[in-house]
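Any chance you could fold what I've pasted below:
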Amino acid sequence: VFKMELPGDEISAGANTAIQHAAIVATTMMDLSFMEDVQWIKNLMGVLCPYCSSEDECKAAIEKVRVVAEGMLEVPEEEEEDDDAEELCNCKFTLAYGTKILLHNTKMKLKRGMRYGLLGGNDSGKTTLMRSIANNQVEGFPDSSTVRTVFVEADIQGEQSHLSCIDYVMHDPAIQALNIPREDVVDILATVGFTDDGKAKPLQAVSTLSGGWRMKLAL
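Just a heads-up that it's a prediction; the model follows:
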């Protein structure tokens, strides 16, 4: 693609070497989801500019290749069996963690009543995405007034582990905002096994719970 976009009918030996290096750099950026135009210009201008008549010409060639590369990363949509289900979300967004871009122009389509799984390697942005959805930080995703979202951390936060099970729930900002009485929290906890004569007691410290009970309390 670089050969097609760079000016000139014939490619010199030096230009060919530069193109091969640029292709390696471009492929690496694709693997890292570095697909912003400024990133491509920064990493490829020095390699390709000597073989273009101007910086603008070089930038234009790089941008054309970047757009083609971006199309290669798009995943074709699968046909869905239930087309009558209500569509909750159909958006395209970019997600970053600090200066690292985790997801670039990523499409997300969700329908009511469906169950979805999120798969990805370590540090690919799974937790960041779920937390961003819960915090209304994903562009195009319905806000909490339309779709209720609950994000459960993998474990109880360390600074809260000294609290009792009841106090841990009461400490939640969402519970406080709803002004839910303590007695109601006790009753709800009892329905999921937190009872005075059970394995996990409502006044028991969170730090003494097993992993399974901690997860149940977080839920």
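
which outside residues touch stretch 48-65?
1-2, 5-8, 12, 14-15, 18-19, 22, 26, 37, 40-41, 44-45 (CB atoms under 8 Å, 6 or more residues apart in numbering). For the C-beta atoms, the positions are set from N, CA and C on the backbone; glycine is no exception.

The residue nearest in space to the middle of the chain: what's it in contact with?
The residue lying closest to the centre of the chain (CA atoms, centre = their mean) is Leu129, at 3.0 Å. Taking CB under 8 Å, 6+ apart as the contact definition, Leu129 lies against Leu95, Leu102, Leu103, Leu118, Val138.

what do you get if the cut-off is 10 Å, keeping everything else the same?
With contacts defined as CB atoms under 10 Å, 6 or more residues apart in numbering, the neighbours of Leu129 are Phe93, Leu95, Tyr97, Leu102, Leu103, Thr106, Met108, Leu118, Gly120, Gln137, Val138, Phe151.

you'd agree Lys92 is in a helix?
No - assigned with DSSP: H, G, I helix; E, B strand; the rest coil, Lys92 falls outside any helix and is strand.

Could you check how many residues crowd around it?
12 (other CB atoms under 10 Å).

Same question for the one 3 residues further on.
Each residue near Leu95 was counted by other CB under 10 Å, and the total is 19.

I'd guess it is in a strand, am I close?
Yes - counting by three-state DSSP, Leu95 is part of a strand.

Surely it and Leu102 touch.
Yes - between Leu95 and Leu102 there is a contact under CB atoms under 10 Å: 4.9 Å.

Overlap in contacts, these two.
Common neighbours of Leu95 and Leu102, counting by CB under 10 Å, 6+ apart, are Ser33, Gly125, Thr128, Leu129, Ser132.

Three-state assignment for the fourth one, please.
So that's Leu129. Three-state call for Leu129 (three-state DSSP): helix.

what about the strands in this structure?
87-97, 100-111 (DSSP state E).
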